[in-house]
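Chemist: no sequence on hand, only this structure:
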């Protein structure tokens, strides 16, 4: 099986973000934690429970339209049992977004809303801190909610570097926080899944090895998706390298002398997986 070097990723601005979360927590009523629906545990900063302790939490399972529906439903139940509201959304196409404020007001923050009304402060907007690891979709979510290009959106990790308040309407405001990973990946499988989905910059690892590892996993869990997308047959004992070579040949990705262009094929596989072109795939289940 292909080996991948240990991945570590903790830029200096992420340490600053941890301090910023703690400092700004008293200003908000709740925390909206955005996770990747394909990797809800791996895309969940294990420090977030400690960093946001004492605040009501709503979990947004973003990119749900690229995740396995049945698995996502299991994750919703899992997070409910953990005491959090949970909502599948897709921030790029807007799926599920309309349910965010109703769930916030009628479930996550119902006690806070009732308390404000009792004090005659029902006009005070609810304030929600938005957290999540890089490239999980925080800015896309905020832009959807604000119906404007309020937060900078780019398809690369670590774009938002400073906090910013964004007004949704007269009833709610969002506090956008920079994406924050954690100091050390104790489990390299977690790091690997983050690399698959693009939460870690591609420059810190080898794209061919990453692609081979992804193909090995997909061949085990979603073989029909690979067969349908790349029109290849999968045989017992096929390694990630074998599968990548088959895809390269099928797509005509050859270099001088008829050798396969593994790098080009690897980039294609990773890009198409991230774009959801292989179908609805979840990389972990509760």
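Modeler: Yes, it's here. Keep in mind that what you see is a predicted model, and the values were worked out from it rather than measured.

Chemist: and for the spatially most central residue of the chain, nearest residue in space, chain neighbours not counted?
Modeler: Centroid check for the chain by CA atoms, centre = their mean gives residue 36 as the closest residue, at 2.6 Å. Excluding the flanking residues, the one nearest residue 36 by CB to CB, 6 or more residues apart in numbering is residue 43, at 4.0 Å. The way it works is simple: take the backbone N, C-alpha and C, and place the C-beta from them, glycine included.

Chemist: and the helix or strand where residue 173 lies, how far out from the chain's middle?
Modeler: Assigned by DSSP states H and E, residue 173 belongs to strand 172-176. When C-alpha coordinates are averaged (CA atoms, centre = their mean, to the nearest Å), strand 172-176 and its chain have centres 19 Å apart.

Chemist: what's it packed up against?
Modeler: Under the contact criterion of 3 or more CB pairs under 8 Å, 6 or more residues apart in numbering; DSSP states H and E, strand 172-176 touches strand 126-131, helix 138-146, strand 164-169.

Chemist: quick one: strands adjacent to it?
Modeler: Strands that pair with strand 172-176, judged by DSSP bridges, come out as strand 126-131 (parallel), strand 164-169 (antiparallel).

Chemist: pull the number of nearby residues for the residue nearest to residue 168 when sequence neighbours are not counted.
Modeler: Leaving aside its sequence neighbours, residue 168 sits nearest to residue 145 (CB to CB, 6+ apart; 4.9 Å). When neighbours are counted by other CB atoms under 10 Å, residue 145 registers 24.

Chemist: would you enumerate the residues in contact with residue 145?
Modeler: Applying CB atoms under 8 Å, 6 or more residues apart in numbering, we find residue 145 in contact with 97, 100, 166, 168, 174.

Chemist: and if you look at residue 172?
Modeler: 101, 104, 125-128.

Chemist: what is the most widely separated pair among these?
Modeler: 101 and 127 (13.0 Å; CB to CB).

Chemist: any weak-confidence spans in this protein?
Modeler: 1-14, 148-163, 181-187, 202-204 (pLDDT under 70).

Chemist: roughly how far apart are the spatially most distant residue from the centre of it and residue 247?
Modeler: The centre of the chain is farthest from one residue, residue 257, which by CA atoms, centre = their mean lies 40.6 Å away. As judged by CB to CB, to the nearest Å, residue 257 and residue 247 stand 19 Å apart.

Chemist: list the buried residues for stretch 212-221?
Modeler: For stretch 212-221, the neighbour count (16 or more other CB atoms under 10 Å) marks 212-219 as buried.
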